[in-house]
Each structure stands twice: as C-alpha cells, then as structure tokens.
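Student: The amino acid sequence is not available; the structure is as follows:
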C-alpha cells in the first residue's frame with residue numbers, strides 16, 4: 001500500500017494518496033519485506049527503465065519506507081518464497 005505513493009506523478013495527488021495509503025496501511029498488522037533485485041532487469045511489461053526503477057527503489061527506501069520496520073531483507077531469487085515462508089513460521093504469522 002505504501003509503495004503506491006512512489007508512483008504518484010501529479011504533486012496535487014501526493015498528499016491525498018499518502019494519507020489514504022498510510023491510514024489503510026495502519027489498519028493491518030503488517031510484515032514488511034524488502035526483496036533485493038538479483039536478476040537482470042526485464043523491460044517487458046514495465047513502465048520504467050532500469051535506471052528509473054533504481055531511482056524508485058531509492059525513493060522507497062529513503063522516503064516512504066524510512067520509518068517502517070523492515071522484518072526481512074531477502075534476495076529475489078528462487079529461494080525467496082521459502083525464506084519468507086520460514087520467517088513467517090518462526091515469527092508466529094503462520095501456524
């Protein structure tokens with residue numbers, strides 16, 4: 001939900017989107033993961049170039065997610081689903 005704020009391009013929409021996303025986000029018991037890009041950048045289906053995507057990553061980490069607890073940072077490879085699942089089992093999120 002918070003990530004949606006990074007995609008707002010019209011400055012007039014920034015505050016309403018940020019407020020709505022933040023309020024909605026706070027209604028959940030969130031578990032926050034950062035999935036690090038390890039594969040080559042695929043342009044198919046994307047609206048950003050690789051450099052623009054990296055700028056977006058930076059904006060998320062330094063701005064939008066700056067005050068959020070990141071529960072786990074995981075490499076975005078084939079092991080990611082199992083690592084996330086194991087983390088959720090260890091931390092009581094899945095029984």
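Tutor: Now that the structure is in, tell me what you want to look at. What you see is a predicted model, and the numbers here were worked out from it, not measured in a lab. Numbering: from 1, shown residues only.
Student: What is the subsequent helix or strand relative to the longest helix belonging to the chain?
Tutor: Longest helix in the chain by number of residues, with DSSP state H as the criterion: helix 11-26. The C-terminal neighbour of helix 11-26 among helices and strands, as given by DSSP states H and E, is strand 33-36.
Student: buried stuff in the longest helix of the chain?
Tutor: Neighbour-count burial for helix 11-26 flags 21, 25 (criterion: 16 or more other C-beta atoms under 10 Å). All C-beta atoms are positioned from the backbone trio N, CA, C, and that covers glycine.
Student: What ranges does the chain have for its strands?
Tutor: 33-36, 72-75 (DSSP state E).
Student: quick one: which of those is nearest residue 18?
Tutor: strand 33-36 (19.9 Å; C-beta to C-beta).
Student: Please name the strands paired to the closest one in the sheet, noting orientation.
Tutor: strand 72-75 (parallel) (DSSP bridges).
Student: Pull the residues that contact the strand it pairs with.
Tutor: By C-beta atoms under 8 Å, 6 or more residues apart in numbering, the residues outside strand 72-75 that reach it are 31, 32, 33, 34, 35, 36, 38, 80, 83, 84, 87.
Student: coming back round to it: right, and the strands of the chain - which one's nearest residue 10?
Tutor: Checking the strands of the chain against residue 10 by C-beta to C-beta gives strand 33-36 as the closest, at 27.0 Å.
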